[in-house]
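Return atomic coordinates for the entry below.
(chains A and B)
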Amino acid sequence: EPEVTQTPSHQVTQMGQEVILRCVPISNHLYFYWYRQILGQKVEFLVSFYNNEISEKSEIFDDQFSVERPDGSNFTLKIRSTKLEDSAMYFCASSVGTSRGEQYFGPGTRLTVT
Amino acid sequence: KNEVEQSPQNLTAQEGEFITINCSYSVGISALHWLQQHPGGGIVSLFMLSSGKKKHGRLIATINIQEKHSSLHITASHPRDSAVYICAVRPPLGQGNLIFGKGTKLSVKP
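Next up is the predicted model:
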């Protein structure tokens, strides 16, 4: 069964460093999402992406964040200058369509900023 | 802004018990999702529904659009059902982003 994959599973970085989290969505899906979950808190929406552009973003997704689909398969989330409060689990998800599709989640990348 | 409330926050059950987890939301939605999050953190989609009832194995999800309420039922619960169950709603407009509840932590004892 096709699945969303994410790499790395755990990333440790120092404050101020740039990180890139990678996702490979399910191949025939068209909509891609990033969510994050700070330890002990609920999952929060960051950004959605369709047709090679951001379709919606939350207040969390400020200028420190960017997303890209650099080739036909990868979907990346870049955090330009990490802060301690960026420590969280980051989930990628994909769906066939927004109005009818279930979202399939990747296993997550645990980002630890020290 | 849609608020998603789940109850209970924590639930302990004995193996074999019938379990109900509730979700209520404050404004209109286009769909509601029930998700399962295991201790390792991974999230699995259980159901997506916009009306009525869906069943998959021992899991049943219902939604009442007028009352802005959904329930997830687990029949004949088993220790492997232990996980956090999350309700998430999709706004009627927008590009499919989900608004999540805080989750219900279920522990099923043998």
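
how about the residue found closest to residue A:6 once you drop the neighbours it is linked to in the chain, what does it touch?
The spatially closest residue to residue A:6, leaving aside those adjacent along the chain, is residue A:106, at 3.9 Å (CB to CB, 6 or more residues apart in numbering or on different chains). C-beta coordinates here come from the backbone N, C-alpha and C atoms, glycine included. Counting by CB atoms under 8 Å, 6 or more residues apart in numbering or on different chains, residue A:106 touches A:3-6, A:23, A:91-93.

Likewise for residue B:106?
Neighbour list for residue B:106: B:11-13, B:19, B:21, B:74, B:77, B:81-85 [criterion: CB under 8 Å, 6+ apart].

hmm, which two among the contacts of residue A:106 are most spread apart?
A:3 and A:91 (12.9 Å; CB to CB).

what's the first-to-last distance across stretch B:96-107?
31 Å (CA to CA, to the nearest Å).

any idea of the mean pLDDT in that stretch?
Across stretch B:96-107, the average pLDDT comes to 92.

partners of the one helix or strand residue A:45 maps to in the sheet?
In the assignment (DSSP states H and E), residue A:45 maps to strand A:44-50. When pairing is defined by DSSP bridges, strand A:44-50 lines up against strand A:31-37 (antiparallel), strand A:53-57 (antiparallel).

How about residues contacting it?
A:30-38, A:54-58, A:60-61, A:65, A:67, A:69, A:75, A:77, A:90, A:98, B:95-100.

Run through chain B and note the low-pLDDT ranges.
In the predicted model of chain B, residues B:94-95 satisfy pLDDT under 70.

which parts of it sit against chain A?
B:30, B:33, B:35, B:40-45, B:48, B:86, B:88, B:90, B:94-103 (CB under 8 Å from any CB of the partner chain).

Could you check how far the residue of chain B found nearest chain A is from residue B:31?
Residue of chain B nearest chain A, by CB to the nearest CB: residue B:96 (3.3 Å). According to CB to CB, to the nearest Å, residue B:96 stands 9 Å off from residue B:31.

what sits in contact with each of those two?
Common neighbours of residue B:96 and residue B:31, counting by CB under 8 Å, 6+ apart, are residue B:90.
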